[in-house]
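A.B. asks: Sharing a model prediction with you, sequence too.
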Amino acid sequence: MLFSPALDSICVQETGPICITDMLVLVQDSTHWLQIEPLTSTVQGVTMFRHRTPKGSYECTVSGLRWLCERDVILKYHFRNWDPYSQLLKDMQYTQGGPLLDITMELGELEEVHLPHFVCLGNNPSLRNEMKILHVEEHGVSLEEVHEVTRFHAKILHPKFSPISLILRLLSWNIDVHCELMLYLTVMKETLISRLYLFPWNPGQIQAVEQQESKFQGSKRFPITRPDRSFKLYSSIRLNIPCSTSINPQKIHFIQRDTTPSFFKAVVKMTGIDIEMELFSDDEMIVWKENVPKDEYITDTRSTSAVSGAGRPAESSLTGSAEQQLRSIRTEFVKRVSGPVLNELLDRLLQHTVINQEDMESVKVIAERAEKARDIIDMVLRKGTESCSRMINLLGELDPYLCSQLQINSVGVQT
């Protein structure tokens, strides 16, 4: 275990999606990595990530990026869109192997950087010989050799930065990749709407899904198991939910997309039964199964409003000042508010001068969602009734379903 006086976090070795084929080839990574959450900001609609770290080995909990430094460094980066380079990759007979990251060093330099990738090496370890590092430069692109490849990362020594990513030579279409599944459910009257996202593992795409789902009223993410195997790139995957009344589309083409990933949308009648889900490959073999118990999507706290008509304002609401309302819902707010809503709420609280930059940065370094929620609501409560009113109004804009469930109303100050 490695500890840093500047950062309170957990040290891990290789992390990421695990599948059976990974076990066929032992790929060691002997370094211990200190997981840290980035400070985030939004510049012209682009989410920027920033880290300041002393000497050590670190992994960003959001992007999966790893770095090793011998002295203090400050780095910032954001996800770039692959679309402008798609045709160029085809002409070069390469395909994407991971997210495209635009990295800038504000202070110092790195001894090593480890770029995340989603290529599964288990069935074909020779693929590592076909991996290159792509640098997007002012007047074109250049390729760099990979120093070392582990299960989820490609290592570069003494890196020089531009928009950068790992790419893979297209020797054939027979490429296995790690996948990501994300399930969101929305209760609407007596109907349950499920959205199951399926895509090659990519932290940029995970972020895109979270941002999209934060805009859906009443949407809630449900933890599900990952498939215990890799998927063939460019294959077609079919979803079956026996109790559903409709599933659209019938199949998803398993490819890397620059837009929000594809998803299956299914409609299920609320009959109080467990929901069984199955994914089938091209050869109609079951590649993933999941069971969502009814108690997971119909809870005591949601049963009256959600089943009879979620999304409508609660028939009874809390009364009293904004400060009194926030104090009364503090425990439930900490339990229920989602990570994406918290991040957006923090940005909006800064924008409306409820908090200052120092307040924001003190919260941003908190990795655990519930602890971050607790810190935000306590910080606003200390600032008085007007600040509480602004937070309630902002929360009502960002997550009206949650406000309905917590039975809080906009009060006093307009945002």
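C.D. replies: Sure, I can see it. Numbering: from 1, shown residues only.

A.B. asks: Tell me which other helices or strands the helix or strand that contains Gln207 touches.
C.D. replies: For Gln207, the enclosing helix or strand under DSSP states H and E is helix 203-213. On a contact count with 3 or more CB pairs under 8 Å, 6 or more residues apart in numbering; DSSP states H and E, helix 203-213 meets strand 73-80, strand 179-188, strand 191-200, helix 339-351. C-beta here means a position set from N, CA and C on the backbone, and glycine is covered the same way.

A.B. asks: Pull up the pairing partners for the first one, direction included.
C.D. replies: Spelled out, it's strand 73-80. strand 46-53 (antiparallel), strand 100-107 (antiparallel) (DSSP bridges).

A.B. asks: Let's see the last one as PDB, backbone CA atoms only.
C.D. replies: Right, strand 100-107. Presented in PDB, the C-alpha positions along strand 100-107 are these (Å, rounded to 0.1, in the frame of the first residue of the first chain):
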ATOM      1  CA  LEU A 100      -8.600  10.400 -27.900                       C
ATOM      2  CA  LEU A 101      -7.100  12.600 -25.100                       C
ATOM      3  CA  ASP A 102      -5.900  16.100 -25.500                       C
ATOM      4  CA  ILE A 103      -3.300  16.500 -22.800                       C
ATOM      5  CA  THR A 104      -1.400  19.600 -21.700                       C
ATOM      6  CA  MET A 105       1.300  19.900 -19.000                       C
ATOM      7  CA  GLU A 106       0.900  23.200 -17.100                       C
ATOM      8  CA  LEU A 107       3.800  22.300 -14.700                       C
END
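
A.B. asks: Contact partners for Gln212?
C.D. replies: Each residue near Gln212 by CB atoms under 8 Å, 6 or more residues apart in numbering is listed here: Thr260.

A.B. asks: For it, give its distance to Ile206.
C.D. replies: 11 Å (CB to CB, to the nearest Å).

A.B. asks: ok, now Glu145?
C.D. replies: Distance from Glu145 to Ile206, counting by CB to CB: 29 Å.

A.B. asks: can you redo the helices and strands packed on helix 203-213 as JSON lines with distance to Ile275?
C.D. replies: Compiled in JSON lines, the helices and strands packed on helix 203-213 are given as follows (distance: least, CB to CB, whole Å):
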{"stretch": "strand 73-80", "distance to Ile275": "32"}
{"stretch": "strand 179-188", "distance to Ile275": "9"}
{"stretch": "strand 191-200", "distance to Ile275": "7"}
{"stretch": "helix 339-351", "distance to Ile275": "24"}
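
A.B. asks: and of those, who's closest to Arg229?
C.D. replies: Checking those against Arg229 by CB to CB gives strand 179-188 as the closest, at 9.0 Å.

A.B. asks: What ranges in this structure fall below the confidence cut-off?
C.D. replies: Across the chain, residues meeting the criterion (pLDDT under 70) sit at 1-31, 123-125, 170-173, 189, 258, 296-319, 409-415.

A.B. asks: Which stretches in it count as helices?
C.D. replies: 86-92, 203-213, 294-297, 300-309, 322-336, 339-351, 357-364, 369-382, 385-398, 400-406 (DSSP state H).

A.B. asks: Quickly list the domain ranges of this protein.
C.D. replies: 11-169, 178-309, 322-406 (automatic domain parsing).

A.B. asks: before we move on, back to that, is it possible to get CSV of the helices of the chain that adds distance to Gly108?
C.D. replies: Output for the helices of the chain, formatted as CSV (distance: least, CB to CB, whole Å):
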stretch, distance to Gly108
helix 86-92, 32
helix 203-213, 24
helix 294-297, 46
helix 300-309, 49
helix 322-336, 37
helix 339-351, 27
helix 357-364, 19
helix 369-382, 28
helix 385-398, 36
helix 400-406, 41
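
A.B. asks: closest one to Leu110 among those helices?
C.D. replies: So among the helices of the chain, helix 203-213 is nearest, using CB to CB, at 18.9 Å.

A.B. asks: could you dump the closest one to PDB, C-alpha only?
C.D. replies: Provided in PDB are the C-alpha atoms of helix 203-213 (Å, rounded to 0.1, in the frame of the first residue of the first chain):
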ATOM      1  CA  PRO A 203     -14.400   6.600 -20.200                       C
ATOM      2  CA  GLY A 204     -15.300   9.400 -22.600                       C
ATOM      3  CA  GLN A 205     -18.400   7.500 -23.700                       C
ATOM      4  CA  ILE A 206     -19.300   6.700 -20.100                       C
ATOM      5  CA  GLN A 207     -19.200  10.400 -19.400                       C
ATOM      6  CA  ALA A 208     -21.400  11.100 -22.400                       C
ATOM      7  CA  VAL A 209     -24.000   8.600 -21.200                       C
ATOM      8  CA  GLU A 210     -24.100  10.100 -17.700                       C
ATOM      9  CA  GLN A 211     -24.500  13.600 -19.100                       C
ATOM     10  CA  GLN A 212     -27.300  12.500 -21.400                       C
ATOM     11  CA  GLU A 213     -29.200  10.500 -18.700                       C
END
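
A.B. asks: Begin at 697 from now on, thanks
C.D. replies: Noted, 697 is the first residue going forward, which turns the last one into helix 899-909.
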